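J.: Pasted the sequence and its predicted model underneath.
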Amino acid sequence: MFKSNFEKLLDKVTSNLLLEADWPTTLEICDTIRQKDVQPKFALNAIKKKLISPNPHTAMYSLLVLECCVKNCGQLVHDEVGTKPFMEQIRETIKTTPHENVKNKLLELLQTWAFAFRAIPKYCAVQDTVNIMKAEGYTFPALKESDAMFSSDVAPGWEDSDCCHRCRVKFGMVQRKHHCRACGQVFCAQCSSRSCTLPKFGIEKPVRVCEACFEKSQKPQVN
Ligand SMILES: O=P(O)(O)O[C@@H]1[C@H](O)[C@H](OP(=O)(O)O)[C@@H](O)[C@H](O)[C@H]1O
């Protein structure tokens, strides 16, 4: 049966033969999501399947992958994790998992995410879930605010317009739209003919960028 690169990596980092977490491969999984090699929804469903594994190691390692994805993949993953359906599945897993350490880690993650998303109304399902579970008598571990700092450096969403963001030519049947992966703006072919990698967004393959973002990518990074 064909397995995507993502699935092979996920099998590898959740193997019950591992003696400790395989962080390099876990970060590689985050990169496949950030590079959009795999759809976030598909990735999270695959992780959730591992989470309900009867094997305690597989379940726990999948939880570390989930934690890493939320920390490193930004809105791509937050838009899935912060939904009511995802939260209901987390709640169900906390209630049903036979693994005590998985249950405790899930409670810790829920609380961390609720704190990290406290100012983002669209992810209110997370805080709601914490409130419901507290009302049901679950006790949450002490919050470590440092855990709630996420590096959400992901490529920006794509803008739309009826003309090129740079030369203002109107789009139509001949003049097609193209998007710069660095700024997310929409351009004609001539103004977005360049490509480059975008390491700051975890994109290691050359992707389409506009002239301005290409020029910026050629300048030495002043850190
Ligand atoms: O091929 P089209 O039917 O014009 O569709 C466009 C291409 O898919 C572009 O991909 P690209 O940026 O990789 O070129 C995308 O940026 C545009 O939003 C789409 O409208």
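T.: Ah, there it is.
J.: I'd like the average pLDDT over stretch 154-161.
T.: Taken as a whole, stretch 154-161 has a mean pLDDT of 86.
J.: got it, and stretch 76-95?
T.: So the average pLDDT for stretch 76-95 ends up being 96.
J.: residues making contact with that stretch?
T.: If you take CB atoms under 8 Å, 6 or more residues apart in numbering as the criterion, stretch 76-95 is touched by 33-34, 36, 40-41, 43-44, 48, 51-52, 66, 69-70, 102-103, 106-107, 110, 113, 117, 120, 122-123, 125-126, 128-129, 132-133, 138, 152, 154. Where you see a C-beta, it was placed from the backbone N, CA and C, and this is true even at glycine.
J.: let's see 6 Å
T.: Stretch 76-95 has contacts (CB atoms under 6 Å, 6 or more residues apart in numbering) with 40-41, 44, 51, 69-70, 103, 106, 123, 125-126, 129, 154.
J.: before we move on, what about stretch 32-41?
T.: 6, 43, 73, 76, 77, 80, 154, 202, 203.
J.: which two in those residues are spaced the farthest apart?
T.: Using CB to CB, the contacts of stretch 32-41 span at most 19.6 Å, a distance reached by 80 and 203.
J.: ok so, going back, I'd like to know which of the contacts of stretch 76-95 are buried.
T.: Applying 16 or more other CB atoms under 10 Å to those, the neighbour count classes 40, 44, 51, 69, 70, 103, 106, 123, 125, 126, 129, 154 as buried.
J.: got TSV for these, with distance to residue 220 too?
T.: Listed next are those as TSV, based on distance: CB to CB, whole Å:
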residue	distance to residue 220
40	33
44	37
51	43
69	31
70	32
103	49
106	44
123	37
125	43
126	40
129	45
154	23
